[in-house]
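Asks: next input, structure requested:
(2 chains)
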Protein chains: 2
Amino acid sequence: MVSKDSQSIDQEYLNSLRHSCAHLLAKAVLTLYPGAHNAIGPSIEYGFYQDFDMGEVKLSDADLPKIEAKMREILPTWKQFTFNEVTLDEAKKLFKRNPYKVELAIEFAGEGKKLTTNDPGDFLDLCKMGHAANPSKEMKHFKLLSVAGAYWRGNEKNKMLTRIYGTCWPTKNELAQYLAMLEEAKKRDHRKLGAELGLFVFSDLVGSGLPLFTPHGTIIRDVLDAYSQELRLRQGFQRVWIPHLTKTELYKISGHWDKFGEELLLVKSQETSDELVLKPMNCPHHQQIYAARMHSYRELPIKYLETTTIYRDEQAGEMLGLSRVRAITQDDSHVFCRPDQIEAVYGMLISIVQEFYGTIGMKLKARLSYRDPEQSAQYLGSSALWDTAQAIIAKVAQEHQLDYYEAIGEAAFYGPKIDFMATDAIGRQWQVATPQLDFVQPQRFGLKYTDADGSDKTPVMIHFALMGSIERFLSVYLEHTVGVFPVWLAPVQVQIISVGADHVTYCQQLGEQLTAEGIRVELSVHNDTVGKKIRNAAKAHVPYMLVIGDKEMNSDMLHVRVRGQDRVIEYSHQDFIVLVLQQIKTRANQL
Amino acid sequence: MVSKDSQSIDQEYLNSLRHSCAHLLAKAVLTLYPGAHNAIGPSIEYGFYQDFDMGEVKLSDADLPKIEAKMREILPTWKQFTFNEVTLDEAKKLFKRNPYKVELAIEFAGEGKKLTTNDPGDFLDLCKMGHAANPSKEMKHFKLLSVAGAYWRGNEKNKMLTRIYGTCWPTKNELAQYLAMLEEAKKRDHRKLGAELGLFVFSDLVGSGLPLFTPHGTIIRDVLDAYSQELRLRQGFQRVWIPHLTKTELYKISGHWDKFGEELLLVKSQETSDELVLKPMNCPHHQQIYAARMHSYRELPIKYLETTTIYRDEQAGEMLGLSRVRAITQDDSHVFCRPDQIEAVYGMLISIVQEFYGTIGMKLKARLSYRDPEQSAQYLGSSALWDTAQAIIAKVAQEHQLDYYEAIGEAAFYGPKIDFMATDAIGRQWQVATPQLDFVQPQRFGLKYTDADGSDKTPVMIHFALMGSIERFLSVYLEHTVGVFPVWLAPVQVQIISVGADHVTYCQQLGEQLTAEGIRVELSVHNDTVGKKIRNAAKAHVPYMLVIGDKEMNSDMLHVRVRGQDRVIEYSHQDFIVLVLQQIKTRANQL
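Replies: All right, here's what the predicted structure looks like:
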């Protein structure tokens, strides 16, 4: 099923609409607050923002209706944008009151870029092209969403500006749908759920973007990771272990040093002259393990797997719950294979992705990212190898009946890949697994295998992670499930609730029995009322509750309250244990 | 069983003997090489060293017999050391030809220390007290061992000096025993074994003190760690997860900032102004998790466990295989309990230590480390709490029938502890687990629990790791076992060897059958001779080999070669599987 790549065309139109709406917002704010200056105002995913230097004025969400009203008042007069190319001197003169525009103009001119002004009739701005053709008609369906602080150019050493977020859609219906989705997303905010369910915490002493996982949160991490590993161990992957610290030299050879730039966290050794860095990637290390001894063609494919944390720096304003962190735990793996093994290996990896996300209950879309043959000089590796590999990827995608589209020019310079997108319960798409072929790094590190004819050959490497970042995956999965986890992932699978003091010992014995079977149990045996204990367990979304009173103590029967159901079901001890274990084993999504 | 603390008295005597011997070595070298200068020459565990600036002369191990002979020539003339206190000016004059002694003299004087010279008759040196009373009689049993390079004061920016290592013992017999042990230790060197068995590798691109673990090495790490965790999970410990990076502020509050000094690896954020560091300890993070919500007295003890890597810097010359690394993985845990729970918790921890080292096959000795009551101001926490806790530790040590001695003044300032020492197969003792009470950190981080009467109380914390550093433990364990691992830890438990091409498919099927049972199998099905395949498996110390030919393919019987035994034993498939699984389950040390 090849779906046409119409997404990128639609997106271009949406971007122009939203970016134009940022201009309208700027005009409205500058009209209402004549002392304000507008800084940048780009379109972003699902909307736009516009930054302002508001001088002494403090804006809050309460000011948004007034600003929105002013935008609606101005919009009918905006018939079209007029663009003019200007010199740096002209730009400096036109925007002399706005230091942000002047700074940008000087910078753009210095980079040899054209300076363009646009004017929809009554509002001159410095800007690149790409705006709505007929603003007054096309831009009607907008909404301002929130006010936040943001440093000028994202640098905390600069002035803190006021950022207003908004969204804009081609039709009333699309806007309404998006706002409804936003409402739903707010309820599902993983930061809120994480706090309510006690899964992870942040500490000011540890720092932002550095979450700490509680016992309950760690269970979810561990169980997901164990599953991700199990799917690969079954296929002959082997676990390896590498440290988080390394000499910069490793990344200078791999090419990551230049790529990651300011995202790298540099480490100072006080005892040696070593130049060190926290690893932003694991592949160079795994290649060092491969390179430590000779390999025969018969040994390939060699498949290393490791769940390990990489570190990348982020600007203070960019860090957000588990979505954007500085400590990123990857369920990473690397396959070293012969060119003739690419098809079998790639097919195996896709099967694993399908099984994992099938279990998780998220639908997959796939983008096959190819090189642009007209820019072949930009890509490393022989054309023949690229063509073969891309044909294999397409073939494997068909064989696995992926819902996919092909994207020319989206490959990395070192090899083609499939980008998988998973759709969550409210329709949002998230980039997840990306099996990535790599023709370049094995060469850079001089990896070899001895082929059947005794000659030395360079293996192909495939990078492969299932969740990618476990932290980011958890943020998505928490919002997907609203914290209502299936039994196999629930931190507490069974809550045992005592009716009175006489039942506590029996509850403890029952707890030990279930624990010995491998079921995660928590006891509520303190002095609260049964009603309160049940409400607490319900708030924690515990799948099963067992209320233990005289009746249960004097028989083999348990009365089981099932999450989300009003009824109480009777089971024998043995049948209940079998039920729960079965759900754990099959990783069932439903109770 | 309280054994008297005679060790420390013996050690003091040994130290004086060995330090005196370093003087004798200095005298001999300066006699043979008049241009040389002696720098420092301390006693170390099992011996001593002496550093020299040899000018242009290059020494090697081949020069040691000549130097030793000169020492034996000089020794009879050394009847006793004479000590004299001197002023800085006198010291500068006496040692004017030796820049190292002058530098030390200036430094000692600056610190307000006394300057003492010693002279055994014909060799003046600047030195503290603590020498053999009758050198010519007591120092006979010495031996020079090796020559190495060492930076002056351990700083790689300083000049590289020549270091000569030696040993000295009170009796001929003790010297002979030690030299025999050294020979045995050389054969067991874990770096040699690690390379031969392919367990871990170092890469110049990654850096020294930063090992990478191969699939086989990772199995041993993982299985040991899983066992260490299992023993604690059974007792209600809960896994948590923390990042490796943190703001320095955390360690300024905990007190580790000052303690670790130059061992800290400082991290530079390019995107924020955060001052960051790689964590040298996990306890402050675990306390942040504890502190994130209120706890009732009923919830205690709360027991967090996590296997996670800490980072400490080392001087280039100090890093050694897995014994001394910069990436230290700890099987760490922290218990938060009420004072009335210390006894039960501490007893539980000691049982775990006994079970773990019993399984590993290493005998334990224990040192109970108490405060010095005459220096009570040096210790934080109330005297009553200390006395109670120390009494509990002694009681628990008795109840667990530990082989222990009590050491006054050896406690940390924040609480008493037991230091466990494990004895390896050739009699060397290694410090291993240390359950450490901590009365101070919970206070510094403001940890609380609500007591039965509704008041806020501060919990006691107990630090507890079983292996401590997994890397260091592996170095000890590798040398203890010479790489001959019990079945449960062997990277490959069963080697399946095909006789000819006709048997390969059957071998693969058998391999899959054993793998499905949870047995770690490797196949030798390539073209080598059966003899060579057997020799390779024997070199890798694989516990069981199955040679598969026509006879085995046509019957249910397997012919099993058992490691270290000459005979071949016949088993049915089922019996063999039961045998191996039983050994894995019981963690048997013998086949």
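Asks: list the buried residues in the longest helix along chain A.
Replies: For chain A, the longest helix by residue count, based on DSSP state H, is helix A:7-32. By 16 or more other C-beta atoms under 10 Å in any protein chain shown, the buried positions in helix A:7-32 come out as A:14-31. Bear in mind the C-beta positions are built from the backbone N, C-alpha and C, glycine included.
Asks: C-terminal to that helix, what's the next element?
Replies: Using DSSP states H and E, the next helix or strand after helix A:7-32 towards the C-terminus is strand A:37-38.
Asks: packing partners for that next one?
Replies: Helices and strands touching strand A:37-38, by 3 or more C-beta pairs under 8 Å, 6 or more residues apart in numbering or on different chains; DSSP states H and E, are helix A:7-32, strand A:47-53, helix A:99-110.
Asks: for residue A:139, give me the pLDDT.
Replies: Residue A:139 is assigned a predicted lDDT (pLDDT) of 90.
Asks: looking at it, it is touching residue A:22, isn't it?
Replies: No - using C-beta atoms under 8 Å, residue A:139 makes no contact with residue A:22, being 10.5 Å away.
Asks: hmm, residue A:363 and residue A:432 touching each other?
Replies: No - using C-beta under 8 Å, residue A:432 is not in contact with residue A:363, being 11.2 Å away.
Asks: what's the closest of the helices and strands packed on strand A:37-38 to residue B:276?
Replies: Minimum separation from residue B:276 across the helices and strands packed on strand A:37-38 (C-beta to C-beta) falls at strand A:47-53, 28.1 Å.
Asks: counting by contacts, list what the helix or strand just after that closest one packs against.
Replies: For strand A:47-53, the following helix or strand on the C-terminal side (DSSP H and E) is helix A:64-74. Packing contacts for helix A:64-74, counted by 3+ C-beta pairs under 8 Å, 6+ apart, involve helix A:7-32, strand A:141-151.
Asks: quick one, the first one and strand A:47-53 angle?
Replies: Same thing as helix A:7-32. 30 degrees (axes from the mean of the first three to the mean of the last three C-alpha atoms, to 10 degrees).
Asks: list phi and psi for residue A:549.
Replies: phi -120, psi -160 (degrees, to the nearest 10).
Asks: packing partners of the helix-or-strand element of chain A with minimal mean pLDDT?
Replies: Within chain A, no helix or strand scores below strand A:125-126, which has a mean of 76 by mean pLDDT, DSSP states H and E. Contact here means 3+ C-beta pairs under 8 Å, 6+ apart; on that basis strand A:125-126 packs against helix A:99-110, strand A:115-119.
Asks: got any residues that touch both of residue A:432 and residue A:363?
Replies: Residues touching both residue A:432 and residue A:363 by C-beta atoms under 8 Å, 6 or more residues apart in numbering or on different chains: A:357, A:422.
Asks: which of those two has more neighbours?
Replies: Taking other C-beta atoms under 10 Å in any protein chain shown, residue A:432 and residue A:363 do not tie; residue A:432 has more neighbours (23 against 12).
Asks: mind listing what the more buried one touches?
Replies: Neighbouring residues of residue A:432 by C-beta under 8 Å, 6+ apart: A:353, A:357, A:364, A:420-422, A:466-468, A:473.
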